[in-house]
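Asks: Fold the following for me, if possible:
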Amino acid sequence: MRFETSQQMKLGQQMKLAPRMIQSMEILQMPLAQLEERIEQELENNITLELVEASPDEAELTREREEADRAEHADERELDAGTDTDDFERLDSFNESNPESAENEYESWSGRQEIRRDLEPGSYSASRFAGERDAKTDAMANTPARAVSLGDQLLGDWALTDVDGELRPLGELIIQNLEDDGYLRTPLETVLDRAPATLGTNGSAPTLEQMERALSAVQLFCEPAGVAARDARECLLLQLDALEDEEWDDTDDKHAVLEIARTLVEHHLDDLMQNRLPKVAEKTGLSLDEIKTGLSLMRRLSLSPARRLAPDDAPPITPDAIVEYDDDHDRYIAYLNESRLPNLQLNREYARMSKDKALAKRDRDFIKTNLSNASWLIDALGQRRRTLLRVVNVVVEAQREFFDYGPQALKPLPMTLVAEQLGVHVATVSRAVADKHLMTPRGIVPLRRFFTGGTQTETGEEVSWDSIRAALQEIVDAEDKKRPLSDEKLVEQLKGRGIEIARRTVAKYRNQLGIQSARLRKQF
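Replies: Next up is the predicted model:
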């Protein structure tokens, strides 16, 4: 084996991704709620950043002073020359050719933010938040309590039940094996194998009979009815059993309807799922009216009754922009929803201290670094505001008919077309619309929904795929439910409106809209 060392010279070009570009990309992509959190974090970590709380006239003066301060520190920040568009263009080019370098540069920049927060004793070490309310404490006080899981709620109910001592630990074991929708899909034999050998009577191993008794007790005492069912049929039967304890106006009718519903669930559930009501009537001897009565009762039941106990993890939607109708000028106007965003500015006292030669160099450098980071954040927020508003204005102008008539009037709007109109890269438009929402006269709509493809009608008019889906839904809603339209008939109906698409496309859109096939939509 032979080892050699050598020296080589290599000439090449490498593009460095500036921290400002990284921060601009991050902030542009952030939805409003996430941006609020980011600003709060920066306010806590950066002593040179502060809120603007002033009247409109004072705010204008503050803005001018802030621009002057940033201009004074321009030589201390390594800002790239060029416009907002130039920043994004360089970013797009860099990400396409140097994905690993971009990630490393981001990590390096993030690491530089971890700087010490304490000044030397005797210097300006007092926090600017001294004597003020603690924002973190206020946020914790206003945070809603953590939702209790399904298992914890059922265990709480089980702890209050009056059952035999030998069944209590077995019931807890069964509850721990329930899935998120409340079903027990794990066989009891498997649950029994997982049970400790001391859970049975007098510390012995539990038996399958004891597990069956414990399961029946859990199904009986735990709410809502249907919890711990092993399949859909058992879940519905448990709920029908619980309905017997409810007070009805007509007692005789109650028992008759319950008996019909129980027969349908226990013996004919598969036929009901396929909407084969005449076949059920033939097998049971019941009339269609009696079967419909049983089905009406079954509509009060739920295949996943435990879902209402599970915590709702869906976050609330905060619109990033608002679109309103201007009656005076017959137009729609858009503005950003920034009422919840604080106005930021540089702290003038720290800006003065950064030039104080009497202050230790280490402390001056610390303040300068924070001033630079604060300026970057303010610049990135302004860049986000301008880019997002420009994109929203193009959408409002291009999709006027959507705001007037609804989803069926939505037009195709490729991102490339918007990018060309604004003179930016298409990736910039993509970042601007990511996870953003508009509050419109027709409700809160994802901004990305307005960017869709489409096709041409027979008259040459452009229609989007969303408008085709809306037309399909409109046709199905207006059909005769006793003679629902097949996919072929739906194709003909759409063609009559000038929209010509294939049958498989109709089937795909029907499934996306949650519309069942013609056989399942038929009403008897």
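Asks: which residues sit in contact with residue 304?
Replies: Listed by CB atoms under 8 Å, 6 or more residues apart in numbering, the contact partners of residue 304 are 181, 182. Bear in mind the C-beta positions are built from the backbone N, C-alpha and C, glycine included.
Asks: can you give me phi and psi for it?
Replies: phi -140, psi 70 (degrees, to the nearest 10).
Asks: So which residues make contact with stretch 437-444?
Replies: Taking contacts as CB under 8 Å, 6+ apart, the residues outside stretch 437-444 that touch it are 31, 317-325, 334, 337, 392, 395, 402-403, 406-407, 445-447.
Asks: which of those residues count as buried?
Replies: Buried members of the contacts of stretch 437-444, counted by 16 or more other CB atoms under 10 Å: 31, 318-323, 334, 392, 395, 402-403, 407, 445, 447.
Asks: of the residues you listed, closest to residue 381?
Replies: Nearest to residue 381 out of the buried ones among the contacts of stretch 437-444 is residue 320 (CB to CB; 13.0 Å).
Asks: What distance do you get for the closest one to residue 339?
Replies: From residue 320 over to residue 339 the distance is 12 Å, taken as CB to CB, to the nearest Å.
Asks: what does residue 262 give?
Replies: To residue 339, residue 262 is 56 Å away according to CB to CB.
Asks: just to revisit the earlier point, just the closest of the buried ones among the contacts of stretch 437-444 to residue 218, please.
Replies: Checking the buried ones among the contacts of stretch 437-444 against residue 218 with CB to CB, the nearest one is residue 318 at 40.6 Å.
Asks: ok now do that closest one, which residues does it touch?
Replies: Applying CB under 8 Å, 6+ apart to residue 318 gives the contacts 31, 32, 33, 337, 340, 437.
Asks: Per-residue pLDDT of it, please?
Replies: Note on residue 318: pLDDT of 87.
Asks: Under a three-state scheme, what state does it occupy?
Replies: Here residue 318 is coil, with the state taken from DSSP: H, G, I helix; E, B strand; the rest coil.
Asks: Residue 370 now?
Replies: In three-state terms, and counting by three-state DSSP, residue 370 is helix.
Asks: tell me what whichever helix or strand residue 36 is part of is packed against?
Replies: Secondary structure from DSSP states H and E places residue 36 in helix 32-45. When contacts are defined as 3 or more CB pairs under 8 Å, 6 or more residues apart in numbering; DSSP states H and E, helix 32-45 packs onto strand 49-51, helix 135-142, helix 361-398.
Asks: circling back: and of the buried ones among the contacts of stretch 437-444, the nearest to residue 487?
Replies: Using CB to CB, the buried ones among the contacts of stretch 437-444 come closest to residue 487 at residue 407, 21.4 Å.
Asks: Outline the domain layout of this structure.
Replies: For the chain, automatic domain parsing gives the domain ranges 150-308, 321-340+378-454, 457-521.
Asks: I'd like to know which of the ones you listed is closest to residue 38.
Replies: domain 321-340+378-454 (9.6 Å).
Asks: quick check: mean pLDDT across the closest one?
Replies: Across domain 321-340+378-454, the average pLDDT comes to 89.
Asks: Tell me where the stretch 201-350 of the chain is predicted with low confidence.
Replies: Applying pLDDT under 70 to the stretch 201-350 of the chain picks out residues 201-203, 247-252, 310-315.
Asks: So which residues of it form helices?
Replies: Along the stretch 201-350 of the chain, counting by DSSP state H, counting those that start in this stretch, helices occupy 208-221, 232-243, 251-273, 277-284, 288-298, 348-353.
Asks: Just the buried positions in the shortest one, please.
Replies: Buried residues in helix 348-353, counted by 16+ other CB under 10 Å: 350, 351, 353.
Asks: So the last one sits against residue 364, correct?
Replies: Right, residue 353. Yes. Taking contacts as CB atoms under 8 Å, residue 353 lies within contact range of residue 364: 7.4 Å.
Asks: residue boundaries of the strands in the stretch 351-500 of the chain?
Replies: Along the stretch 351-500 of the chain, counting by DSSP state E, counting those that start in this stretch, strands occupy 437-440, 443-446, 454-456, 462-464.
Asks: Turn those into JSON lines, columns for distance to residue 414.
Replies: Converted to JSON lines, the strands of the stretch 351-500 of the chain look like this (distance: least, CB to CB, whole Å):
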{"stretch": "strand 437-440", "distance to residue 414": "18"}
{"stretch": "strand 443-446", "distance to residue 414": "17"}
{"stretch": "strand 454-456", "distance to residue 414": "9"}
{"stretch": "strand 462-464", "distance to residue 414": "11"}
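Asks: Any idea which of those strands gets closest to residue 177?
Replies: strand 443-446 (38.2 Å).
Asks: just how off-centre is the closest one within its chain?
Replies: Counting by CA atoms, centre = their mean, to the nearest Å, strand 443-446 is centred 13 Å from the centre of its parent chain.
Asks: can you check stretch 322-330 too?
Replies: Using CA atoms, centre = their mean, the offset of stretch 322-330 from its chain centre is 29 Å.
Asks: Please apply the same query to stretch 381-389.
Replies: 23 Å.
Asks: Show me which residues of it are buried.
Replies: By neighbour count on 16+ other CB under 10 Å, the buried set for stretch 381-389 is 381, 383, 384, 387, 388, 389.
Asks: Out of those, which is nearest to residue 267?
Replies: residue 388 (59.0 Å).
Asks: Would you mind putting the domains of the chain into TSV with distance to residue 48 alongside?
Replies: Below are the domains of the chain laid out as TSV (distance: least, CB to CB, whole Å):
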stretch	distance to residue 48
domain 150-308	45
domain 321-340+378-454	11
domain 457-521	47
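Asks: follow-up on the earlier one: okay, the helices and strands packed on helix 32-45 in CSV with distance to residue 207 next?
Replies: Listed next are the helices and strands packed on helix 32-45 as CSV, based on distance: least, CB to CB, whole Å:
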stretch, distance to residue 207
strand 49-51, 67
helix 135-142, 49
helix 361-398, 65
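Asks: quick one: low-confidence parts of the stretch 1-150 of the chain?
Replies: In the predicted model of the stretch 1-150 of the chain, residues 1-4, 12-20, 54-147 satisfy pLDDT under 70.
Asks: Residue 23 - nearest residue in space that isn't next to it in sequence?
Replies: Among residues not flanking residue 23 along the chain, residue 380 sits closest, at 4.7 Å (CB to CB, 6 or more residues apart in numbering).
Asks: pretty sure that neighbour is in contact with residue 22, am I right?
Replies: No. Residue 380 is beyond contact range of residue 22, at 9.4 Å (criterion: CB under 8 Å).
Asks: Look at these two and report which has more neighbours.
Replies: Legend: neighbour count by other CB atoms under 10 Å for residue 380 and residue 22, higher for residue 380 (22 against 18).
Asks: residues in contact with that one?
Replies: Residues near residue 380 by CB under 8 Å, 6+ apart: 20, 23, 24, 26, 27, 28.
Asks: Chain neighbours aside, what residue packs nearest to the third one?
Replies: Translated: residue 24. With CB to CB, 6+ apart as the criterion, residue 24 has its nearest non-adjacent residue at 4.7 Å, and that residue is residue 380.
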